[in-house]
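Student: Sequence and predicted model, in that order:
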Amino acid sequence: MKKTILFLIVFILLMPNILTLDIQLQDNYQPASTFLATLEGNILEPIDASQISFYRRHIQVPFLYNIAKIKGIYYIYAILPDKEQNYSIKIKDVNYRDSQGIHEKDLTANFTVLGEKAEFSINPGFIITDKDFFISVQNNLDNSIEIKSIFLNQTKLKTISAASSEKINFEINDEKGLEYLTISSGATSYEIPIYLLGAIGEDPEEDYEINETIIEKKELIFIPAGIVATLNLDEELSFSADLFNPTQDDLVDIIFIYPKKFDSLITIIPQKIDIIEAGDSLEMNFTFLSEEQGEFAELILALSEDKEVGSFSTSFLVKENVTASSSIIEEPKYCSDVGGTICELGEKCSVPIKIFLDGACCPKEGKCEKQSEPKSKSKWLIFFILILAIIVVLYFILIQMKKKKFTKDILNSKTSKYEKRFRPKQETRESLET
């Protein structure tokens, strides 16, 4: 009986800790790696991607990420930048129950991107499927690497060229349930959950939840993301870009649209794409020619089945007798890439800011300056009223002092007259005395 009571006391004392809701993640991640984290507990309402945000100091940064619930555990992945920085993840309005009752609060956790660049990153960081699937692997190094993958007791080796991305295909063989895929090369390794629904599938409400919206996700990615060029009148400029489909699904009936006034200036080949299979890319060719001077900046949109799936940015300056030049717009860009600075809270850049992947950037030609607190009109009004009140008080005090002096003077004057009137004359007093 004593042992039972002791056990219950220990259990009650430990229960709040057992039910504590925390984001489980590493303290440090390699630059350009894939962030993996989990969240487990008695969560009462589903969590979706819109509740998640990442921050560098106090500035929100746009990571590619997603979240899914598999067998009661929330899995989160994100593609990290290749810069060493301190970051935090925040999950807003998490509704959960513990031994103390029902709560709703924001969960936050800090982590650091630090050390040598990861040999490779993977996308996505989890899979829920009833069919064969693939994982995209991005080689971050300037040399080829060999990727080793282990799934369903099968081992694969694949060589990926320097600074390139390839997909690794996996077969599910009618397996069902939760499995784990291990992908590694050198010092970089990932273990991600693969939830197999089988040929028939399982009850989605019971076993998994997935948010289909990936924040900052683009279904088609132009590489590079755009072009900026200066050229002469009647000078033709040709350039190319790769159109990459990073999703697990084929994209069909892709067309490109832009303002009608741009139609006579640019030619796109191909003008229509029947299909870009999942994980594949296609080369696009562009030709620009203008017979008029001016600045031409337009966004070329890619549509698939009437849905926007990607965009390509263009900016052309056409003049007479200029030195032709062109540069590509690369993604992502960080403030440090241009020698800029992210201003601290309470600071303001001395020149117009520019927006990069890691936040509002103060360019290198400017500097972060402490903001002096602006004096509002209301403060000036209060100050004026206060000064006016002091003047009025001093005025009344002065008036009172003058009144007192005036009264005293009158009293002294009347007293003096009274004394003169009733004081006997000197001669009379002397005669009386004699």
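Tutor: Received the coordinates, thanks.

Student: mind showing which ranges of the stretch 251-400 of the chain have poor pLDDT?
Tutor: 329-339, 345, 353-360, 372-381, 400 (pLDDT under 70).

Student: Where do the helices of it begin and end?
Tutor: Ranges of helices within the stretch 251-400 of the chain are 377-422, based on DSSP state H, counting those that start in this stretch.

Student: And the strands in it?
Tutor: In the stretch 251-400 of the chain, strands defined by DSSP state E, counting those that start in this stretch lie at 251-257, 266-269, 272-276, 281-288, 294-304, 307-319, 325-329, 347-349, 354-356, 359-361, 368-370, listed in chain order.

Student: Quick check: which of these is nearest to Asn140?
Tutor: Nearest to Asn140 among the strands of the stretch 251-400 of the chain is strand 281-288 (18.0 Å), distances taken as C-beta to C-beta. (Each C-beta comes from the backbone N, C-alpha and C, glycine too.)

Student: give the contact list for Ile351.
Tutor: One thing to correct before we go on: residue 351 is Val, not Ile. Cys362, Pro363, Glu365, Gly366 (C-beta atoms under 8 Å, 6 or more residues apart in numbering).

Student: Now render the strands of the stretch 251-400 of the chain as a markdown table, adding distance to Ile194.
Tutor: As requested, those are arranged in a markdown table below (distance: least, C-beta to C-beta, whole Å):
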| stretch | distance to Ile194 |
| --- | --- |
| strand 251-257 | 23 |
| strand 266-269 | 38 |
| strand 272-276 | 24 |
| strand 281-288 | 25 |
| strand 294-304 | 27 |
| strand 307-319 | 26 |
| strand 325-329 | 36 |
| strand 347-349 | 46 |
| strand 354-356 | 35 |
| strand 359-361 | 34 |
| strand 368-370 | 46 |
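
Student: Need the winner for burial among the ones you listed.
Tutor: Neighbour counts (mean count of other C-beta atoms under 10 Å) averaged over each of the strands of the stretch 251-400 of the chain peak at strand 359-361, with a mean of 19.

Student: So which elements touch the helix or strand containing Ser240?
Tutor: Following DSSP states H and E, one finds Ser240 within strand 237-244. Using 3 or more C-beta pairs under 8 Å, 6 or more residues apart in numbering; DSSP states H and E as the contact criterion, the elements in contact with strand 237-244 are strand 221-223, strand 226-232, strand 281-288, strand 307-319.

Student: what separates the last one from the chain centre, distance-wise?
Tutor: Its chain's C-alpha centre and that of strand 307-319 lie 24 Å apart, by C-alpha atoms, centre = their mean, to the nearest Å.

Student: So in that sheet, which strands flank it, and in what orientation?
Tutor: The strands beside strand 307-319 in its sheet (DSSP bridges) come out as strand 226-232 (parallel), strand 294-304 (antiparallel).

Student: how much does the last one deviate in direction from strand 281-288?
Tutor: Translated: strand 294-304. Counting by axes from the mean of the first three to the mean of the last three C-alpha atoms, to 10 degrees, strand 294-304 points 150 degrees away from the direction of strand 281-288.

Student: Check the first one too.
Tutor: What separates the directions of strand 226-232 and strand 281-288 is an angle of 30 degrees, with the same axes, to 10 degrees.

Student: residues in contact with strand 226-232?
Tutor: Applying C-beta under 8 Å, 6+ apart, the contact partners of strand 226-232 are 237, 239, 286, 288, 290, 312-329.

Student: Quick one: mean pLDDT over that strand.
Tutor: Regarding strand 226-232, the rounded mean pLDDT is 88.
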